[in-house]
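Trainee: below are the sequence and a predicted model for it; my questions follow.
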Amino acid sequence: MTFEQRMLNRALVLLKKYGRPMILKRTFAGAYVPATGQTGADTVTEHNCYGFKQFITRTSANQFYGTSTLKETLIQKDDEMCFIAAKDLAIVPTFPLDRILIGGHEYSIMFTTPLSSGESDVLYVVQIRK
């Protein structure tokens, strides 16, 4: 097993142990139907994942987002950071397509930063907002 595979496995084990199950929801807009002049129903796919969330502090924002990103991204008072294991997750969390369900509360994904080990993403650090 390579170092990269060990990192991916270890991140998932730790987040399963200390984190909680989450559901990443991706919404695709319905297709336009020319005959009726309307769009069809939206399609929502759900992806199970593991992670944890915490409030964003100035230190964590500088560490994970960097100074240049802080100037471009508006971080609001109640925004939180969510760490999601990348292993076994079929998609990368993105804005504005995705929302995340944590303990019965749904959050919008505002910004995603992948933490990588070589070729694969190990964790996604996600800025979320209610």
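Mentor: Happy to help now that I have it.
Trainee: going forward, measure contacts and count neighbours with C-alpha atoms only.
Mentor: Will do.
Trainee: which residues touch the closest residue to Ile56 other than its chain neighbours?
Mentor: Take Ile56 and drop its neighbours on the chain: the residue closest to it by C-alpha to C-alpha, 6 or more residues apart in numbering is Glu80, 5.1 Å away. Going by C-alpha atoms under 8 Å, 6 or more residues apart in numbering, Glu80 touches Lys53, Gln54, Phe55, Ile56, Gln127, Ile128, Arg129.
Trainee: next one: Glu80 from Asp88, what distance?
Mentor: In this view, Glu80 and Asp88 are 23 Å apart by C-alpha to C-alpha, to the nearest Å.
Trainee: confidence score at the spatially closest residue to Pro93 that is not a sequence neighbour?
Mentor: Nearest residue to Pro93 in three dimensions, chain neighbours excluded: Thr112, at 6.6 Å (C-alpha to C-alpha, 6+ apart). At Thr112, the model reports a pLDDT of 89.
Trainee: in the helix or strand hosting Thr112, which residues are buried?
Mentor: Per DSSP states H and E: Thr112 is located in strand 105-117. For strand 105-117, burial by neighbour count (16 or more other C-alpha atoms under 10 Å) applies to Glu106, Tyr107, Ser108, Ile109, Met110, Phe111, Thr112, Thr113, Pro114, Leu115.
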